[in-house]
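Enquirer: coordinates only, sequence not included:
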């Protein structure tokens, strides 16, 4: 009889306890939900500063391969007036209602003008340079807009200058 | 008799598919997550369509520039330290001295500026970089969502 009980005990089915596993898995899930930051969709514009011992840049705009865009801040930094090479008034750019948007077509006109200028001197001309001149309180969103327009027009060299 | 016994059988929830799904979620978050780096300050970056891919392997020195509303006289953030222009210059000169002792070149600098930061702060940061023999500059933007 005793032998029978022992045998029955041996034959008992072993079950895997799932509840603690589920607890741990949920703890892990909550940790990752809180700690995760999704990969941002960031992008870089690359530029080089003049090297050691380099003299001041030759920014003579009479040269066909040097152009200057002027961004003059107005409306407490919410808008800029865009001018190309001292004479070509391209209009206003304003901050849009949503963060992604800039209102106005001055940057589109800038891209078109620069594309024409790049093609005029030859697309292989690596000396073609755009100088982005901004007033001190110009917001970076407008500088980035001008940078974007220049890269869209295949401008090979871009540099920055301040407006006093 | 047999029929009665079958009715009394205890209903159980099968948790194995749930565990499967939860594991799938964990794997997704493991793959997609970027553990918060202390180099990067949370900023509203300016939007631009034509920026190039960020070189993840390039160990660039990240200079964050915040908007005037957040600056409080110290618009620069490097490794989460708040710096004024003077302090940024001092920090970069310190890095330059360290690298010169180690006979290493200065890395590239990534300027991560808030979309409402002022241009004068970027200009001053560029001059500070030049003084610290940093020649490669990256201006970081964000791809627009629409």
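Expert: All right, it came through fine. Just so it is clear, the structure is predicted and the values come from calculations on it, not from any experiment. Numbering: from 1, shown residues only, chains lettered A, B, ... in the order given.
Enquirer: I'd say residue B:99 and residue B:93 touch.
Expert: No - when contacts are counted by C-beta atoms under 8 Å, residue B:99 is not listed as touching residue B:93 (10.8 Å). Heads up, the C-betas are built off the backbone N, CA and C, glycines and all.
Enquirer: pLDDT weak spots in chain A?
Expert: Under the criterion pLDDT under 70, the flagged ranges of chain A are A:1-12, A:37-40, A:51-64, A:97-100, A:164.
Enquirer: How is it divided into domains?
Expert: For chain A, the structural domains run A:2-35, A:66-162, going by automatic domain parsing.
Enquirer: so of those, which one's packed in deepest?
Expert: Of all these, domain A:66-162 has the most neighbours on average by mean count of other C-beta atoms under 10 Å in any protein chain shown, namely a mean of 18.
Enquirer: So is that domain next to chain B?
Expert: Yes - Domain A:66-162 comes into contact with chain B (C-beta under 8 Å from any C-beta of the partner chain), by way of A:71, A:77, A:99-100, A:102, A:134-141, A:143-145, A:147-148, A:151-152, A:160, A:162.
Enquirer: Straight-line length of that domain, end to end?
Expert: For domain A:66-162, the first-to-last residue distance is 16 Å (C-alpha to C-alpha, to the nearest Å).
Enquirer: now that domain, how far from the centre of its chain.
Expert: How far domain A:66-162 lies from its chain's middle: 15 Å, per C-alpha atoms, centre = their mean, to the nearest Å.
Enquirer: Look up the closest residue to residue A:83, ignoring the ones flanking it.
Expert: residue A:70 (4.4 Å; C-beta to C-beta, 6 or more residues apart in numbering or on different chains).
Enquirer: What residues does residue A:18 make contact with?
Expert: Taking C-beta atoms under 8 Å, 6 or more residues apart in numbering or on different chains, we find residue A:18 in contact with B:15-16, B:19.
Enquirer: at 6 Å what do you get?
Expert: Residues near residue A:18 by C-beta atoms under 6 Å, 6 or more residues apart in numbering or on different chains: residue B:15.
Enquirer: For chain B, what's the nearest residue on chain A?
Expert: Distance from chain B to each residue of chain A (C-beta to the nearest C-beta) is smallest for residue A:43, at 2.8 Å.
Enquirer: Need phi/psi at the residue nearest to residue A:83.
Expert: phi -110, psi 130 (degrees, to the nearest 10).
Enquirer: who's it bridged to?
Expert: Beta-bridge pairing of residue A:70 under DSSP bridges involves residue A:83, residue A:133.
Enquirer: Please tell me the pLDDT value assigned to the nearest residue to residue B:142 once chain neighbours are set aside.
Expert: Distance criterion C-beta to C-beta, 6+ apart; nearest residue to residue B:142, sequence neighbours excluded, is residue B:45 at 4.0 Å. Residue B:45 carries a pLDDT score of 89 in this model.
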